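Engineer: Sequence plus predicted model, see below.
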Amino acid sequence: MGAVEFDSPPVSIFTRLTHLAGMAFALGRGDDVNAMHAPEYYDQLWAQFTDRLPGVTVDWSGLYSSWDPDKETLYQLDSDVHLADPASVDALDSWDTEDIAEVRDRISPWFGNKFSDRRDQPPADWVDRYQYYTLWEMFEKVATVFREESRYEALSTIHTNLLETIEENLPPERDRPTAVLAGFSDIESPYVYTVDTPGFLTAHVRPLAPTDGFGDEVSSGDAVDMEMLLEADPDVIFVLGGMHPETKMPRIRAGLRTHAVGRQLSAVDAGRVYAQGARYQGPILNLFQLEMTAKQLYPEHFGEWPAYTEGPYPEIPADEQLFDRQAVADIITGGSNA
């Protein structure tokens, strides 16, 4: 992510991917974000989780959609920081290293990391100097930019305690289910994602150590047919984006139950087709998704996951929550735990 200098903490924040927008949000700066990829989609998805944090809101609807940003729009936004990976912007056909340097020098620095998502290789010009980080290592660096180290430390302590709870209660390896993360925009050809891939895309699944349903047979992000999915026959199917209001989990479950091949899947037969949130998760979604995934995989060890069909993240009884919602909310809003 390199060395950058600021005379004062940045105020206006350009982002592309939501793991970095989520870091600004975690530091109480969510409303200072002025751009992100698919803002309408992620605004609705984030709201499903923030509903469970007292006093915490964020509104990303109507922001500039910045997957392939226009340089002139960046001038108009005049952001104090571009919380985005310049290497990933350089990978776009519409950008080159000269454009990236121009934005850095004339508007504000770039600061971000994308290829740590699954430890992919960046463009050739960046390979020799590229570094990889975990989600929380990246978050620590972002917190330093905003001079919000105390908020980072407070959230990091909650995260560490959650990981310790998971580690202490994991069942033996022989008792862990096989699992697949899948996107079902087309039930005949779902995109599947391995659950043990290095990188922050699996930061909510990998600590729980399920057995990957496909092993080395497919690469993460491959499209497979239902016959291939049945051949793998995972015990658990996680539905990518299943928490989003437009995903319609009942329709996906019904589609699998009535599909000639899908209904033969062990996960379908056992009722273990579960909603997930986002892979490009910031720290707050990571906390929720660790709790969610722990309960979905190991209900006998971490408490039952409610029969979720739609709406916000389910209400979990206080004595079954794996982290303190009020403590997290106070950190985000600058309350007593910040």
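Structural biologist: Yep, it's here. Predicted model only: the values in this text are computed from it and were never measured.
Engineer: Just to be sure, Leu155 is in a helix?
Structural biologist: Yes: membership of Leu155 in a helix is supported by DSSP: H, G, I helix; E, B strand; the rest coil.
Engineer: Roughly how far does it sit from Gly221?
Structural biologist: Separation of Leu155 from Gly221 (Cβ to Cβ, to the nearest Å) stands at 29 Å. C-beta coordinates here come from the backbone N, C-alpha and C atoms, glycine included.
Engineer: More neighbours: the two, which one.
Structural biologist: For Leu155 against Gly221, the residue with the higher neighbour count under other Cβ atoms under 10 Å is Leu155, and the figures read 29 against 13.
Engineer: Show me the strands in the stretch 1-150 of the chain, by range?
Structural biologist: Counting by DSSP state E, counting those that start in this stretch, one finds strands in the stretch 1-150 of the chain at the ranges 13-15, 33-36, 64-65, 81-83.
Engineer: What strands line up against the lengthiest strand in the chain, and which way round?
Structural biologist: Using DSSP state E to define each element, the chain has its longest strand at strand 178-183. Strand 178-183 has these partner strands in its sheet, going by DSSP bridges: strand 191-193 (antiparallel), strand 211-212 (parallel), strand 236-239 (parallel).
Engineer: residues making contact with that strand?
Structural biologist: Defining contact as Cβ atoms under 8 Å, 6 or more residues apart in numbering, one finds that strand 178-183 is touched by 190-195, 205, 210-214, 229, 232-241, 276, 279, 297.
Engineer: same thing with stretch 296-305?
Structural biologist: Residues lying outside stretch 296-305 but in contact with it, judged by Cβ under 8 Å, 6+ apart, are 166, 169-171, 176-177, 179, 208, 210, 236, 238, 272, 274, 291-292, 294-295, 314, 316-317, 320, 322.
Engineer: Quick one, which of the residues you listed are buried?
Structural biologist: Burial by neighbour count, judged by 16 or more other Cβ atoms under 10 Å, picks out 166, 170, 176-177, 179, 208, 210, 236, 238, 272, 274, 291-292, 294-295, 316, 322 from those.
Engineer: Mind checking which of those land in helices?
Structural biologist: Assignment to helices by DSSP state H places the following of the buried ones among the contacts of stretch 296-305 there: 166, 291-292, 294-295.
Engineer: quick one: terminal-to-terminal distance for stretch 259-275?
Structural biologist: Across its full length, stretch 259-275 reaches 19 Å end to end, with Cα to Cα, to the nearest Å as the criterion.
Engineer: Could you check it and say which residues are buried?
Structural biologist: 259, 261-262, 265-268, 272-275.
Engineer: What of stretch 172-182?
Structural biologist: Applying a neighbour-count criterion of 16+ other Cβ under 10 Å, one finds 176-182 buried in stretch 172-182.
Engineer: do stretch 27-35 as well
Structural biologist: So for stretch 27-35, counting by 16+ other Cβ under 10 Å, buried means 27-30, 32-35.
Engineer: could I get these as a markdown table with pLDDT and distance to Asp70?
Structural biologist: Written out in a markdown table, the entries for those read as follows (pLDDT from 0 to 100; distance: Cβ to Cβ, whole Å):
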| residue | pLDDT | distance to Asp70 |
| --- | --- | --- |
| Leu27 | 98 | 27 |
| Gly28 | 97 | 29 |
| Arg29 | 97 | 24 |
| Gly30 | 97 | 23 |
| Asp32 | 98 | 21 |
| Val33 | 98 | 18 |
| Asn34 | 98 | 14 |
| Ala35 | 99 | 10 |
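Engineer: Max pairwise distance over the residues you listed: which two?
Structural biologist: Using Cβ to Cβ, the pair of those lying farthest apart is Gly28 and Ala35, separated by 18.6 Å.
Engineer: In this protein, where is pLDDT below threshold?
Structural biologist: Within the chain, the set of residues satisfying pLDDT under 70 comprises 1, 335-338.
Engineer: Show me where it has its helices.
Structural biologist: Assigned by DSSP H, the helices in the chain fall at 18-26, 39-50, 71-77, 86-90, 97-106, 135-145, 149-169, 226-232, 249-258, 266-269, 283-297, 299-302, 325-333.
Engineer: Perfect, that will be all.
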